[in-house]
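> Fold the following, please.
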Amino acid sequence: MIAFLEAKRAGLLARANWPANLLAGVIVGVVALPLAMAFAIASGVKPEQGIYTAIVAGIVVSLFGGSRVQIAGPTGAFIVILSGVVAEHGVDGLQIASLMAGIILLLLGVARMGGVIRFIPLPVITGFTAGIGIIIWVGQWQAFFGLPQVAGQHFHQKFWGLLQAFPQLDWPTTAVGIMSLMLVIYTTRLPRMARVPGPLVALVTMTVVQAVVGFDSVATIGTMFGEIPRGLPALQVPQITLTRLVELIGPAFAIAMLGAIESLLSAIVADGMAGTRHNSNQELIGQGIANVLTPLFGGIAATGAIARTATNIRNGGNSPIAGIIHALTLVLVLVALAPLAANIPLATLAAILFVVAWNMSQVRHVVRMIRTAPRADVAILIVTLSLTVFTDLVVAVNIGVVLAMLHFMRRMAESVVVRQEDHSVLGQELGLDNTERWPEDVLVYSVEGPFFFAAADAFQRALANTHTDPRTVIIRLAHVPFMDATGLEALDSVVAALQARSVRVLVVEANPRVYGKLRKMGLLNRLERDCARSTLADALMRLREQS
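Numbering: from 1, shown residues only. Below is the predicted model:
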């Protein structure tokens, strides 16, 4: 409850702050209603399950999360994963996977991994979110245009099937979809309507139109799912077996990682908008608790929702009270207005998801990155986006991160410089006069940069090519911040090779951290006593004394 306690210490729970948070909570609850149902249907479950998720997760994350303005619930990013789990393992399988994901998120938070997860490269995040947006957009064609069901498990198969089915579109459904889309987009641009949520206007307007006109061919929540029950469901524990746990470990990790990424991104956006500072580890713990509890009350996976969090902040929300009020607003709607949801057209929910998909795709941002970003980052973005669309989100993120890591290591390796220092420069550095010139038979190599496995080869090539067989080689490590095991092995190999040619080797100016590594790996046994901690001047004095 770090965020809640911080809000209390900051005085944000005082009565003077209640009106702004109450108003923000109600507005966010109204915005969340159509989104929660749309995300649930697109994920392959009943619309009320999206509302249950927004209620439970909204309260839990507000109480136990690491950001005092975060709004949690079902999100569009989960649609691809959740719909796949439902298709393969059923709704009960999805609930087990969500519960397992909650436990994984809890463990990540307890292990203080929140800061690490935020380091996933921007091209990877941009690529998979844009890919998810494309999948959501194409996935809603059937509901938006009233197309028949098409066969196919993979994206390209469904895409081709939908294109072939376009001549069979239902004109009343398409008209409802287009009108809904216009209302979602243009409502906020009308005079005095800037603060009215477009999705809510579309939902109410088209539900009334459908109830009055009654288009027979237009699919609605009532015709597809029946009446939405009033109130929250009773606590239900899914039947968990070892076989199911093994089957669902992969989807659970996918849900957990995506939930962690999106919730922390949302918290970062919230920090920028509200001037707050979230606790990433506590945020993972809050999201973990939410994902453990939501499946027990009929919900699905939840995470921080960037758009709803932003709406909360824009409307004056500055404490967890707003998140709790948002959830209570949904409870009131569920209790009082649930029967009216039967006439909500699925085409209207598809239109809302069209806008969600457009926002997720970040088309302008993607185009700008492709035009201005370094070529390697552009390649990572395109590969991640393509794999997200045509294969699998988990595969896309894994390969994208691996490519980004390989690119980073290549750049880091190139940043490591091993150079032979000029004797005259060394003389000037040590203040030697003309009678004390630097010894010609003593070569000095300076290593600059992190000495890790990717840079070991460059180091070995630079030092192993010392064919002049000088009397002494001095290796300066003053600008080496750290060394890993491969770097230590490379240094040991070079020292051994030089010593085998009767070349004296001194390693100097190692910082305490590097010196500890040298001592622990036993490399100091090859070197003269205490030379690794000495300076270049000390090494020169040692050479003179022993010459």
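
> contacting residues for residue 293?
Residues in contact with residue 293, defined by CB atoms under 8 Å, 6 or more residues apart in numbering, are 56, 57, 60, 102. Every C-beta, even on glycine, is put in place using the N, C-alpha and C of the backbone.

> per-residue confidence averaged over the helix or strand hosting residue 289?
Using DSSP states H and E, residue 289 falls within helix 280-293. Summarised as a single mean, pLDDT over helix 280-293 is 95.

> Do a quick rundown of the strands in the protein.
Using DSSP state E, the strands of the chain run over 72-73, 303-304, 417-420, 442-448, 472-479, 504-508.

> any idea of the angle the longest one forms with strand 504-508?
Strand 472-479 runs at 20 degrees relative to strand 504-508, counting by axes from the mean of the first three to the mean of the last three CA atoms, to 10 degrees.

> now do the fourth one
Per the same axes, to 10 degrees, the angle that strand 442-448 makes with strand 504-508 is 40 degrees.

> quick one on the thing from earlier: which stretch among the strands of the chain comes nearest residue 50?
Proximity to residue 50 (CB to CB) singles out strand 72-73 among the strands of the chain, at 7.8 Å.

> Okay, residue 225 and residue 169: tell me how far apart.
Applying CB to CB, to the nearest Å, the value for residue 225 to residue 169 is 22 Å.

> Any regions of the stretch 351-500 of the chain where pLDDT drops low?
Along the stretch 351-500 of the chain, segments meeting pLDDT under 70 span 433-435, 454-455, 463-468.

> Go again with 80.
Within the stretch 351-500 of the chain, the stretches with pLDDT under 80 are 392-394, 412-415, 425, 427-438, 440, 452-469.

> Which residue would you name as the spatial centre of this protein?
Closest residue to the average C-alpha location of the chain: residue 261 at 2.6 Å, with CA atoms, centre = their mean.

> right, and that residue touches residue 120 too?
Yes: counting by CB atoms under 8 Å, residue 120 is a contact partner of residue 261 at 6.2 Å.

> burial measure for the nearest residue to residue 394 once chain neighbours are set aside, as a count.
Distance criterion CB to CB, 6 or more residues apart in numbering; nearest residue to residue 394, sequence neighbours excluded, is residue 254 at 4.6 Å. By other CB atoms under 10 Å, the residues close to residue 254 number 25.

> Could you check how far residue 254 is from residue 301?
Separation of residue 254 from residue 301 (CB to CB) stands at 10 Å.

> what do those two both touch?
Common contacts of residue 254 and residue 301 (CB under 8 Å, 6+ apart): residue 81.

> So residue 318 sits against residue 19, correct?
No: using CB under 8 Å, residue 318 and residue 19 do not qualify as a contacting pair, with a distance of 11.7 Å.

> More neighbours: which of the two?
Per other CB under 10 Å, whichever of residue 318 and residue 19 has more neighbours is residue 318, with 20 against 10.

> Show the contacting residues for the closest residue to the more buried one other than its chain neighbours.
Leaving aside its chain neighbours, residue 318 sits nearest to residue 12 (5.6 Å; criterion: CB to CB, 6+ apart). Contact partners of residue 12, counting by CB under 8 Å, 6+ apart, are 68, 318, 319.

> picking that back up, and the strands of the chain: which comes nearest residue 431?
Of all these, the one in closest proximity to residue 431, counting by CB to CB, is strand 442-448 (15.7 Å).

> Identify the residues contacting the closest one?
Residues from elsewhere that reach strand 442-448 (CB under 8 Å, 6+ apart): 416-421, 426, 459, 462-463, 466, 468, 470-480, 536, 540, 543.

> which of the residues you listed are buried?
416, 418, 421, 426, 459, 462-463, 466, 470, 472-477, 480, 536, 540, 543 (16 or more other CB atoms under 10 Å).

> coming back round to it: CA atoms only: put the helix holding residue 289 into PDB for me.
Extracted C-alpha coordinates of helix 280-293, given in PDB (Å, rounded to 0.1, in the frame of the first residue of the first chain):
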ATOM      1  CA  SER A 280       8.000  -0.100  -9.800                       C
ATOM      2  CA  ASN A 281       8.400  -3.100  -7.500                       C
ATOM      3  CA  GLN A 282       5.300  -2.200  -5.500                       C
ATOM      4  CA  GLU A 283       3.500  -1.700  -8.800                       C
ATOM      5  CA  LEU A 284       4.300  -5.300  -9.800                       C
ATOM      6  CA  ILE A 285       3.100  -6.500  -6.400                       C
ATOM      7  CA  GLY A 286      -0.200  -4.700  -6.800                       C
ATOM      8  CA  GLN A 287      -0.700  -6.000 -10.300                       C
ATOM      9  CA  GLY A 288       0.200  -9.500  -9.100                       C
ATOM     10  CA  ILE A 289      -2.400  -9.400  -6.300                       C
ATOM     11  CA  ALA A 290      -5.000  -8.100  -8.800                       C
ATOM     12  CA  ASN A 291      -4.300 -10.900 -11.300                       C
ATOM     13  CA  VAL A 292      -4.600 -13.500  -8.500                       C
ATOM     14  CA  LEU A 293      -8.000 -12.100  -7.400                       C
END
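
> List the buried residues of it.
Of the residues in helix 280-293, 280-293 count as buried by neighbour count, 16+ other CB under 10 Å.

> Any idea how far it is from the middle of the chain?
Here helix 280-293 is found 15 Å from its chain centre; the criterion is CA atoms, centre = their mean, to the nearest Å.

> and if you look at stretch 9-19?
From the chain centre to the centre of stretch 9-19 is a distance of 32 Å (CA atoms, centre = their mean).

> buried residues in that stretch?
Result for stretch 9-19 [16+ other CB under 10 Å]: buried residues 12, 13, 17.

> ditto for stretch 304-317
Judged by neighbour count (16+ other CB under 10 Å), stretch 304-317 contains these buried residues: 304-313, 315-317.

> Then stretch 219-239?
Within stretch 219-239, the residues that count as buried by 16+ other CB under 10 Å are 219, 220, 221, 222, 225, 228, 232, 238.

> doesn't residue 347 make contact with the second one?
No: under the criterion of CB under 8 Å, residue 220 is not in contact with residue 347, lying 9.1 Å apart.

> What are the contacting residues of stretch 317-329?
Contact with stretch 317-329 is made by 3-4, 7, 12-13, 17-18, 20-22, 24-26, 28-30, 32, 54-56, 58-59, 61-63, 65, 68-72, 274, 308, 312, as judged by CB under 8 Å, 6+ apart.

> again with stretch 83-93
With CB under 8 Å, 6+ apart, stretch 83-93 has contacts from 42-45, 94, 96-97, 139, 238-239, 244, 247-248, 251.

> Just the CA trace of that stretch, in PDB.
Output of stretch 83-93 as PDB, limited to C-alpha atoms (Å, rounded to 0.1, in the frame of the first residue of the first chain):
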ATOM      1  CA  SER A  83      -8.000 -15.000 -27.200                       C
ATOM      2  CA  GLY A  84      -5.400 -17.600 -28.100                       C
ATOM      3  CA  VAL A  85      -5.500 -19.100 -24.600                       C
ATOM      4  CA  VAL A  86      -9.300 -19.200 -24.700                       C
ATOM      5  CA  ALA A  87      -9.300 -20.900 -28.100                       C
ATOM      6  CA  GLU A  88      -6.800 -23.500 -27.000                       C
ATOM      7  CA  HIS A  89      -7.500 -24.000 -23.300                       C
ATOM      8  CA  GLY A  90     -11.000 -22.600 -22.700                       C
ATOM      9  CA  VAL A  91     -12.100 -19.900 -20.300                       C
ATOM     10  CA  ASP A  92     -11.200 -21.900 -17.200                       C
ATOM     11  CA  GLY A  93      -7.700 -22.300 -18.700                       C
END
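
> for residue 471, what are its contacts?
Residue 471 neighbours (CB under 8 Å, 6+ apart): 439, 441, 442, 503, 504.

> could I get these as JSON lines with distance to residue 513 and neighbour count?
Listed next are these as JSON lines, based on distance: CB to CB, whole Å; neighbours: other CB atoms under 10 Å:
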{"residue": "439", "distance to residue 513": "30", "neighbour count": "16"}
{"residue": "441", "distance to residue 513": "32", "neighbour count": "12"}
{"residue": "442", "distance to residue 513": "27", "neighbour count": "19"}
{"residue": "503", "distance to residue 513": "27", "neighbour count": "18"}
{"residue": "504", "distance to residue 513": "26", "neighbour count": "16"}
